[in-house]
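> Pasted the sequence and its predicted model underneath.
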Amino acid sequence: MVKYKQIDSVWRDLLNSIEAPSEIKTLIHKNVNHIVSVNWNGIGYVSKSGRTKMTIRKEDVEPFWDVLSEEGELTIKLLVKHGIYDMERPSRPRWFGAVIFSLLEKLPYVDFDEKHKPRTLYLKRESINFKEGGRYGT
């Protein structure tokens with residue numbers, strides 16, 4: 001299947017959709033994370049506890065986007081199916097993925113239905129070719 005947008009374009013859109021400082025809440029549990037930096041190298045955030053600064057890089061978002069663009073939806077189950085996420089031995093804390101879900105939901109071509117469980121993001125195929133631009137160029 002052909003990807004609707006390449007990761008560089010998605011990353012640019014994502015960087016243009018958020019600002020620092022700001023807050024982002026996880027989609028299901030509504031846990032607050034504080035966005036402290038936004039630049040091409042990553043999105044820095046601190047969890048509600050404020051103990052550790054984490055950085056989400058384009059390379060962290062790419063496998064999530066690959067599944068979403070291929071399947072038209074994104075769930076943890078699909079990440080496991082594609083070999084991206086191991087429920088028994090995750091390479092990152094589980095909430096790291098929850099923050100990526102929350103960031104992707106900010107994109108104008110991604111939708112989230114709060115009533116649907118498990119947490120699922122959907123690709124809005126009809127709006128994937130919107131005009132690009134913003135702080136991080138075209």
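Looks like it came in fine.
> State the next helix or strand along the chain beyond the strand or helix carrying Trp65.
Using DSSP states H and E, Trp65 sits in helix 58-71. Tracing the chain past helix 58-71, the next element assigned as helix or strand by DSSP H and E is strand 73-74.
> Name the spans of this structure whose pLDDT lies under the cut-off.
For the chain, applying pLDDT under 70 flags the ranges 1-3, 87, 89-95, 125-138.
> Give me the contact list for the longest strand belonging to it.
Longest strand of the chain, by residue count under DSSP state E: strand 32-39. Applying Cβ atoms under 8 Å, 6 or more residues apart in numbering, the contact partners of strand 32-39 are 15, 18-26, 43-48, 50, 53, 99, 102. The way it works is simple: take the backbone N, C-alpha and C, and place the C-beta from them, glycine included.
> neighbouring strands for it, and are they parallel or not?
strand 22-25 (antiparallel), strand 42-47 (antiparallel) (DSSP bridges).
> could I get those strands as JSON lines with mean neighbour count and distance to Trp65?
As requested, the strands paired with strand 32-39 are exported to JSON lines (neighbours: other Cβ atoms under 10 Å; distance: least, Cβ to Cβ, whole Å):
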{"stretch": "strand 22-25", "mean neighbour count": "14", "distance to Trp65": "17"}
{"stretch": "strand 42-47", "mean neighbour count": "20", "distance to Trp65": "14"}
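> Please list all residues in contact with the residue nearest to Phe112 when sequence neighbours are not counted.
In this structure, Phe112 finds its nearest non-sequential neighbour in Glu105, 4.6 Å apart by Cβ to Cβ, 6 or more residues apart in numbering. The neighbourhood of Glu105, defined by Cβ under 8 Å, 6+ apart, consists of Leu27, Asp111, Phe112, Leu121.
> Ser69 is in contact with Gln6, isn't it?
No: Ser69 lies out of contact with Gln6 (Cβ atoms under 8 Å); the separation is 9.3 Å.
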